[in-house]
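Participant: Any chance you can model this:
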Amino acid sequence: MGIEGLTLAKISEMVGGTLKGDGDRVVTSITSPEAPCPGSISPLWEKKLEQDADPEAVLLTKEGWIREDGEGVEVEDPRRALVTLLEYFDTERTAELPEIHETAVISESAVIGEKVTIGPGCVVSAHCRIGDGCLLAGNVWLGKHVSVGENTQIEPGVVIYDRSSLGRNCIVHANAVVGCEGFGFMPDAEKGLLRIPQIGTAVIEDDVEIGVCSSIDRGTFGETRISKGTKIDSHVKIAHNCTVGEYCIIVAQTGLAGSSTLGNGVTMAAQSGVGNHAKVGDGVIAAGRAGITDDISPGSVVSGFPAIDHKADLRQTAALRQLPDLVKNVKRIEKKLGELKQEKE
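Facilitator: Numbers count the residues shown, from 1 in each chain. Here you go, the predicted structure:
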């Protein structure tokens, strides 16, 4: 089913903006300002990109940025207004009629809420509870005693292990794994490496998003917890007994080692990491590839390995880049001193 177009007047009303031009113009898509197409609107909020915008583009932009003969909608925050339009045009999230596919395998002891969609090849094991309005796409596997909150969407290939729980309004993207066994081994005189049983749980609170192919281990004992509103990118690893605070952002290829803790509102940029038992305070920003090996105070911005204050790391990096020239200068000085010594002799 297609999405009905919006007039510019309606868009202006939706985003609280100012209409410029023909309010009856119908918008059916969103495109870049460099390559507009008929029926599209183009977001623009960076001044440096204004020169690249096609003169014919219908813009969603900042106040005063549309030329006199142009058309579009001006708003205080075009980026936030764009989100409103993207939500409207997001056909993949458009609700379908709920159904349970004939190939789904559902335990008799499972409790299924109202208006739930369970796609082909899904497995819902014993004593699972699935809240109202949930979506399980194809080949989702839910272990025993798994709880899924209302309106949560679970995409193809996701595995949720026994006793794990997901809150309301979560999104788990394709091939993510929640509640798997943690990586626990210890040296042993007889066996070489002794496997440590992992008998805990994984708890995912409300409004959490987990990216493609990310993995969240259950606790060795106790729990691994991801608090409400946190957004986890693709290919992220969160180990056993980690605690992640509210509204954190964890970007692709980041790893949290066992029993590490993130406070509220922490940002972990791409390929960053946190060592065992390290505690990262509220509001910390870890730059890309930062390696946190010790506790970090709230509000800090860190980078490098081991992670230190970002400005200090930049100074160190700048100094390192001067080393080749410094080595050349030292060699030149040594050569000159040698020549002076020979002259004296």
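
Participant: start to end distance for stretch 180-190?
Facilitator: Using C-alpha to C-alpha, to the nearest Å, the end-to-end distance of stretch 180-190 comes to 27 Å.

Participant: Check which residues of that stretch are buried.
Facilitator: Residues 180, 181, 182 are the ones in stretch 180-190 that count as buried (16 or more other C-beta atoms under 10 Å). Bear in mind the C-beta positions are built from the backbone N, C-alpha and C, glycine included.

Participant: Can you pull the poorly scored residue ranges out of the stretch 201-345 of the chain?
Facilitator: 345 (pLDDT under 70).

Participant: which residues in it form helices?
Facilitator: 310-321, 323-344 (DSSP state H, counting those that start in this stretch).

Participant: tell me the pLDDT at the residue nearest to residue 64 when sequence neighbours are not counted?
Facilitator: Leaving aside its chain neighbours, residue 64 sits nearest to residue 74 (6.9 Å; criterion: C-beta to C-beta, 6 or more residues apart in numbering). Note on residue 74: pLDDT of 95.

Participant: List the contacts of residue 74.
Facilitator: 17, 18, 20, 61, 62, 63, 64, 65, 66 (C-beta atoms under 8 Å, 6 or more residues apart in numbering).

Participant: Got the phi and psi for it?
Facilitator: Phi and psi for residue 74, reported as degrees, to the nearest 10, are phi -100, psi 130.

Participant: hmm, back to that, with neighbour count as extra columns, can I get the contacts of residue 74 in JSON lines?
Facilitator: JSON lines is the format used below for the contacts of residue 74 (neighbours: other C-beta atoms under 10 Å):
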{"residue": "17", "neighbour count": "22"}
{"residue": "18", "neighbour count": "14"}
{"residue": "20", "neighbour count": "21"}
{"residue": "61", "neighbour count": "28"}
{"residue": "62", "neighbour count": "19"}
{"residue": "63", "neighbour count": "11"}
{"residue": "64", "neighbour count": "7"}
{"residue": "65", "neighbour count": "18"}
{"residue": "66", "neighbour count": "21"}
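
Participant: Going by distance to residue 266, which of those residues wins?
Facilitator: residue 62 (30.3 Å; C-beta to C-beta).
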